[in-house]
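Colleague: The following comprises the amino acid sequence and a computationally predicted model.
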Amino acid sequence: MHLTFVVILCLSHLSQMRANSQIVYKSTNIECFPDPAFAVNSTCRIRAVNWNKAVAQMDCDLITPLANTSVQIEVFKKSDNNRYQPFLVNVTVNMCDVISKRNFIPYGTMFWKILKKHTNVNHSCPIMPGHLIARNLYIDKNILPRFPLAFYQIYLKVIENYADRPSRTAGVIKFYVQAREMSTDPTIVYKLKNIECIANPKRVENISCFIKAINWNKAVAQMDCDLILPLRNTSIEIAVLKKNYNNQYHPFLINVTFNACDMLSSRKYLPYAPIVRKVMKIYTNVNHTCPITVKSS
């Protein structure tokens, strides 16, 4: 048996929203990068609450006091090619001034509201060494301005300022959210998020695989390759993996292997084989019985 081709398809489980539904900002991931000179024993994770809400839980031990602290707040929007691009917001605010009400920059005030509600960093400077926590932290739709429906990264850089030497970064937090419409009765859709194609170069060449966004609820895959050896007796293995809260994929329900030639000639009716056959007939030129001959496929 020779491995010819592997396709890794990433789906997101979305809801098709109604026109009158509200915007929510659902947390999808969080990354924390403290400077070990300032904080140790840090943990950051996201916990799902329901379809429209997930919350962040964060812990660290502060070992150096924060006495004159600024926060750079920068927002990035995810583009159709899965890259984050700067989006509207890039401000640096002195949080000690905001907390003591000496500064009223809008995004600083929003950040302070979140700190007061969800963390024990809820008092004026200095922040003394000790255990810092954030519990059930999320972005309230009433705090943040209405953003377009998309995926965002909120980049937070904590900076300690000194009078006698250069400022130093105490840590960075990357908070990933999805601006989505909230519905009480969603219709399920499966939106493609990413695709990876891996081939045996002795059998396939000139491969291209990419995802093209159509609208908020739909994206489609475009795939091309040149087959250089015919496929005469070909099997397909289908395995589904589900992403957990630690951003790791684990096996989920389905792991089947069937003969694709039997499927195409209707000699085999395993449950998932007809599904694959329908997809191939509609969207590919591999829509006939074996052998699959040597030509552009």
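Modeller: Everything's here; your move. Numbering: from 1, shown residues only.
Colleague: correct me, but residue 30 touches residue 175?
Modeller: Yes. Using Cβ atoms under 8 Å, residue 30 is in contact with residue 175, at 5.5 Å. C-beta coordinates here come from the backbone N, C-alpha and C atoms, glycine included.
Colleague: Verify the contact between residue 191 and residue 217 for me.
Modeller: Yes. Counting by Cβ under 8 Å, a contact exists between residue 191 and residue 217, whose distance comes to 6.0 Å.
Colleague: Which one of the two is surrounded by more residues?
Modeller: Neighbours were counted for residue 191 and for residue 217 using other Cβ atoms under 10 Å; residue 191 has more, 18 against 14.
Colleague: And the pLDDT at the more buried one?
Modeller: As predicted, residue 191 sits at a pLDDT of 81.
Colleague: cool, residue 85 as well?
Modeller: 91.
Colleague: Next: residue 45.
Modeller: On the pLDDT scale, residue 45 gets 93.
Colleague: before we move on, what about the one 5 residues further on?
Modeller: Residue 50 is assigned 84 on the pLDDT scale.
Colleague: Show me what it is bridged to.
Modeller: For residue 50, the beta-bridge partners are residue 53 (DSSP bridges).
Colleague: for residue 212, same thing?
Modeller: Legend: beta-bridge partners of residue 212 under DSSP bridges are residue 220.
Colleague: Neighbours of it, how many?
Modeller: Using other Cβ under 10 Å, residue 212 has 12 neighbouring residues.
Colleague: picking up where we left off before, what residues are shared contacts of residue 30 and residue 175?
Modeller: Listed contacts common to residue 30 and residue 175 are residue 56; contacts here mean Cβ atoms under 8 Å, 6 or more residues apart in numbering.
Colleague: quick one: contacts for residue 257?
Modeller: Going by Cβ under 8 Å, 6+ apart, residue 257 touches 235-238.
Colleague: Include pLDDT and neighbour count when you put those into TSV, please.
Modeller: TSV is the format used below for the contacts of residue 257 (pLDDT from 0 to 100; neighbours: other Cβ atoms under 10 Å):
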residue	pLDDT	neighbour count
235	86	12
236	86	16
237	87	10
238	86	14
